[in-house]
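Peer 1: next come a sequence and a model predicted from it.
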Amino acid sequence: MKKNIAEVVNISNNVYEKGLVSGKAGNISTRHKSECGDIISITPTLKSLGDLKEEDVVLVDINGNILTKGKPSSEVNMHIEIYKNRNDVNAIVHTHSPYATGFAFSSKRIKRYEGFGTVNSKFLAYIDYEKPGTNKLAKKAAEGLSTENVLILKNHGVVCISDNLKEAESLALFVEETAKTQFITHMLNSSEDYI
Ligand SMILES: [Zn+2]
């Protein structure tokens with residue numbers, strides 16, 4: 001358990017430093033499978049991921065019961081639903097990274113580049129807007145991630161999942177860089193040619 005908590009802190013600090021989250025936004029968790037049931041280590045609500053400490057990480061069981069002090073992220077239900085739906089997933093990184101979220105707020109979709117695993121479609125998957133922190137969002141996000149490892153939440157942000165936190169973090173970074181490249185391409189294509 002100690003290792004999982006340390007990893008949540010480490011990845012939280014990383015995503016903050018890399019600009020994938022800011023203020024008190026974003027949430028991260030990892031699942032520990034045990035014979036007594038799954039334990040999820042998740043970031044707390046209303047706390048910056050940039051200066052998270054081990055004692056801030058909250059432990060919950062797969063039914064959402066809080067096992068330690070503190071209050072888990074307001075998106076704890078989304079994390080739980082995703083874990084329930086995907087037995088192969090043990091790590092979730094949710095960000096509002098600026099370029100990817102810019103696409104999420106626009107009518108443009110993010111093209112799927114090589115590096116996103118199996119190419120199922122031309123664009124990254126997305127779900128329509130649901131209010132943050134609601135059960136509706138939790139259910140829809142879990143459904144949207146049934147066969148995907150990246151999901152764009154319309155007018156909200158990005159969710160990346162993997163079997164480990166390091167990989168989920170890399171995916172979040174890759175989504176952001178992909179969105180940034182595509183944003184630059186759109187800008188260049190729409191500007192005048194000065195040559
Ligand atoms: Zn969010």
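Peer 2: Structure's in. What do you need?

Peer 1: scan this protein for its longest helix.
Peer 2: In terms of residue count, the longest helix belonging to the chain (DSSP state H) is helix 165-190.

Peer 1: show me which residues of that one are buried.
Peer 2: Within helix 165-190, the residues scored as buried using 16 or more other C-beta atoms under 10 Å are 165, 167-169, 171-173, 175-176, 178-179, 182-183. In this view, the C-beta of every residue, glycine as well, is placed from N, C-alpha and C.

Peer 1: okay if I get those residues as TSV plus distance to residue 94 and pLDDT?
Peer 2: Converted to TSV, the buried residues of helix 165-190 look like this (distance: C-beta to C-beta, whole Å; pLDDT from 0 to 100):
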residue	distance to residue 94	pLDDT
165	12	97
167	15	96
168	10	97
169	11	97
171	12	95
172	8	97
173	14	96
175	11	96
176	13	97
178	17	95
179	15	97
182	21	95
183	21	96
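
Peer 1: just name the closest of those residues to residue 10, please.
Peer 2: residue 165 (8.1 Å; C-beta to C-beta).

Peer 1: am I right that the closest one is in contact with residue 28?
Peer 2: Yes - under the criterion of C-beta atoms under 8 Å, residue 165 makes contact with residue 28 at 7.2 Å.

Peer 1: find residues that contact each of the two.
Peer 2: Common neighbours of residue 165 and residue 28, counting by C-beta atoms under 8 Å, 6 or more residues apart in numbering, are 8, 11, 93.

Peer 1: most neighbours among the residues you listed, please name it.
Peer 2: Most neighbours among the shared contacts of residue 165 and residue 28, by other C-beta atoms under 10 Å: residue 93, with 30 neighbours.

Peer 1: quick check, that one in contact with residue 168.
Peer 2: Yes - look at residue 93 against residue 168 with C-beta under 8 Å: they come within range, at 4.3 Å.

Peer 1: and residue 29, helix, strand or coil?
Peer 2: strand (DSSP: H, G, I helix; E, B strand; the rest coil).

Peer 1: may I have the beta-bridge partners of the closest residue to it other than its chain neighbours?
Peer 2: Spatial nearest neighbour of residue 29, excluding adjacent residues (C-beta to C-beta, 6 or more residues apart in numbering): residue 42 at 3.9 Å. Listed beta-bridge partners, residue 42: residue 29, residue 58 (assigned using DSSP bridges).

Peer 1: state the number of residues packed around residue 42.
Peer 2: With neighbours defined by other C-beta under 10 Å, the count for residue 42 comes to 24.

Peer 1: any chance you could map the strands in this protein?
Peer 2: For the chain, applying DSSP state E gives strands covering 27-32, 39-42, 58-61, 91-95, 126-127, 150-153, 157-162.

Peer 1: deepest in the core, which of those strands is it.
Peer 2: Across these, averaging neighbours per residue (mean count of other C-beta atoms under 10 Å) puts strand 91-95 on top, at a mean of 28.
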